[in-house]
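1. just need the structure, nothing else, for what follows:
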Amino acid sequence: MLKVTPLNRVHRALGARMVDFGGWDMPVQYAGVIEEHLATRAAAGLFDVSHMGEVEVSGANALDYIQYLTINDAARLVDGQVQYNAICYPDGGVVDDVTVYRFSATHYLFCVNASNTDKDFAWMEKVLAERDFGNVVLRNRSDEFAQLALQGPLAEEILARLTTVDLGAIRYYHFKAGEVAGSETIISRTGYTGEDGFELYCAAADAEKVWHALMTAGADDSLMPIGLGARDTLRLEMKYALYGHELSERITPLEAGLGWITKLDKGDFIGGAALRKQKEAGVPRTLVALRITESGIPRADYPLFCGEREVGVVTSGTMSPSLRCGIGLGLVASDCAAIGTQLTVGIRKKRVAAQIVKPPFIDK
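-> Residues are numbered from 1 along each chain as shown. Okay, here's the model as predicted:
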């Protein structure tokens, strides 16, 4: 049986097209992917991302544990700050990419990908059990939270009507706790669209109230509910990674272009030795942004060619609603990864021209 978010009834009442997404019954679209995508870029969109998981890490030695578990340097975090991070296996493959919220030196919250929640929590427990970190407590709190994402250039203006929190004081990748529509909420200036906006964590029981309050507050600003289809096209235009496509147990963060969060000099951490070795030897393949220069849409697993040589594979692709052309991400041999390189994509029985471009695809 599919899992449902606390907003499942709302989506069905709105006539959303529902799909199985990683074991969750989720809305893929309401009015249509293109319309929802463009509405988010022009005004604002409201997303149900309550399928995402939340794991709390607390205790006097929480930071020591997080530093060993993850690849970024969580010691740089201050209270009220969020960090993009990842968890790796010893061989450098990725367990998951995550965001880490620091409430205090002894209290952190991980937001993890929906389909990975159980796997991530089991891995986190395994790491904790196999090494003596001292005082560390893990709690899977995923069922307690609903998560809504309000994204777009009008997001702050709409949210300000429902809270007394000074939203302008919340910098990018920072958060504050406060009330939204009378419900206690973690207000995080983060997102997966490339637009300004917020991710809102509230009690699961308050999800419908907060959703309806936001839709009412944004009614005159053309706020629309947005499904997973547009969420994917929005993140693709920004070259944001999606686990299972640009990241996986077979793709390292260095290959995925996440060297900027891979702090190889921070001390011992899981996967550190393998990632240092890979960097020293030379990363064999690189994630690139591809713009199709002929008619065609790249899709995951389509082959990529440089001349007659097969050099990689498309990891994600779509027709960009903003650019009205095919775009994609691909893992290619590092000697063919320079910006401006001309490639072809094997689309069915044709070779379609593409060029490696500097991301993001649109200027934000």
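
2. for Ala75, what are its contacts?
-> Contact analysis of Ala75 by Cβ atoms under 8 Å, 6 or more residues apart in numbering lists Leu63, Gln67, Lys266. Just so you know, the C-beta spots here come from the backbone N, C-alpha and C atoms, and that holds for glycine as well.

3. helices and strands around the helix or strand harbouring the first one, which ones?
-> Read it as Leu63. When elements are assigned from DSSP states H and E, Leu63 belongs to helix 62-69. When contacts are defined as 3 or more Cβ pairs under 8 Å, 6 or more residues apart in numbering; DSSP states H and E, helix 62-69 sits against strand 107-112, helix 117-130.

4. my read is that Arg291 contacts Lys358, right?
-> No: Arg291 lies out of contact with Lys358 (Cβ atoms under 8 Å); the separation is 10.1 Å.

5. more neighbours: which of these two?
-> Ranked by neighbour count (other Cβ atoms under 10 Å), Arg291 and Lys358 place Arg291 first, with 17 against 10.

6. within the helices and strands, which one has that one?
-> Using DSSP H and E, Arg291 falls in strand 285-292.

7. average pLDDT for that strand?
-> Averaged across strand 285-292, the pLDDT comes to 98.

8. kindly report the same for stretch 150-158.
-> Here the average pLDDT along stretch 150-158 is 98.

9. can you pull out the helices in the stretch 101-250 of the chain?
-> 117-130, 155-160, 207-217, 228-237 (DSSP state H, counting those that start in this stretch).

10. give me the contacts around the second one.
-> By Cβ under 8 Å, 6+ apart, the surrounding residues in contact with helix 155-160 are 44, 150, 167-168, 180, 187, 195-198, 214, 217-218, 221, 223.

11. quick check on the residues you listed: which are buried?
-> 44, 150, 167, 180, 187, 195-198, 214, 217-218, 221, 223 (16 or more other Cβ atoms under 10 Å).

12. from these, pick the one nearest Lys349.
-> Among the buried ones among the contacts of helix 155-160, Glu195 lies closest to Lys349 (Cβ to Cβ), at 38.1 Å.

13. what residues are up against that closest one?
-> So Glu195 contacts Thr40, Arg41, Gln151, Gly152, Pro153, Ala155, Leu234, Lys364 (Cβ under 8 Å, 6+ apart).

14. just the buried residues of those residues.
-> Neighbour counting by 16+ other Cβ under 10 Å classes Thr40, Arg41, Gln151, Gly152, Ala155, Leu234 among the contacts of Glu195 as buried.

15. ok, for the first one, nearest residue in space, not its chain neighbours?
-> Right, Thr40. Gly152 (4.9 Å; Cβ to Cβ, 6 or more residues apart in numbering).

16. isn't the one you found up against Ala43?
-> Yes: the pair Gly152 / Ala43 is scored as a contact, 5.5 Å apart, by Cβ under 8 Å.

17. from Val352, how far out is Gly346?
-> Going from Gly346 to Val352 by Cβ to Cβ, to the nearest Å gives 8 Å.

18. can you check Val78 too?
-> Taken as Cβ to Cβ, the span from Val78 to Val352 is 48 Å.

19. list just the nearest of the contacts of Ala75 to Phe103.
-> Leu63 (12.2 Å).

20. need the pLDDT of the residue of the chain positioned farthest from its centre.
-> Farthest-out residue of the chain from its mean C-alpha position, per Cα atoms, centre = their mean: Glu308, at 34.4 Å. Per-residue pLDDT puts Glu308 at 96.

21. ok, now Lys364?
-> Lys364 is assigned 76 on the pLDDT scale.
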